[in-house]
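Q: just to be clear, the model below is a prediction. Sequence and coordinates:
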Amino acid sequence: QVRLVESGGGLVQAGDSLRLSCVGSGRLFTEFPVAWFRQAPGKERDFVAFIRWDDGSSIVEDSVSGRFTVSTDTAKKTVYLQMNSLKPEDTAVYYCASANSKWRTSFDVSAYASWGQGTQVTVSS
């Protein structure tokens, strides 16, 4: 069973940076892609970024492209989300999730089996 724990959230000002971490446990954690999602109050959980462990290929959502990057550290079983030039509209709870499939690239929450508890990011203007 895969378990994920996010950390690194906080209260920052617009223009600041944060790095979120997602530490996974379980033998299979580094075999399945990982994604970051975020959920603002009263809104649906939205895709932010996706990354594969095997080749490091990644995708980020258009609204954060050029500001957010996703990376992995296999030895530490950790996925990072580096967030630069933060905006108030980035305020949300950020979740990492492990995919159901090793091969499929998906931006939908239904494609992810295991989730962390989330970490709050608040960006003030």
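A: Done, it's in.
Q: pLDDT below threshold where in this protein?
A: Counting by pLDDT under 70, the chain contains no low-confidence range.
Q: work out for me the element the most centrally placed residue in it sits within.
A: Nearest to the geometric centre of the chain sits Trp36, at 2.3 Å (CA atoms, centre = their mean). Taking DSSP states H and E as the criterion, Trp36 maps to strand 34-39.
Q: check which helices and strands that strand is in contact with.
A: Using 3 or more CB pairs under 8 Å, 6 or more residues apart in numbering; DSSP states H and E, the elements in contact with strand 34-39 are strand 18-25, strand 45-51, strand 78-83, strand 92-99. (Glycine included, C-beta is placed from N, CA and C.)
Q: possible to save these as a markdown table with mean neighbour count and distance to Leu11?
A: Shown next, in a markdown table, are the helices and strands packed on strand 34-39 (neighbours: other CB atoms under 10 Å; distance: least, CB to CB, whole Å):
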| stretch | mean neighbour count | distance to Leu11 |
| --- | --- | --- |
| strand 18-25 | 19 | 10 |
| strand 45-51 | 21 | 19 |
| strand 78-83 | 23 | 13 |
| strand 92-99 | 24 | 13 |
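Q: so which of those is nearest Thr122?
A: strand 92-99 (8.7 Å; CB to CB).
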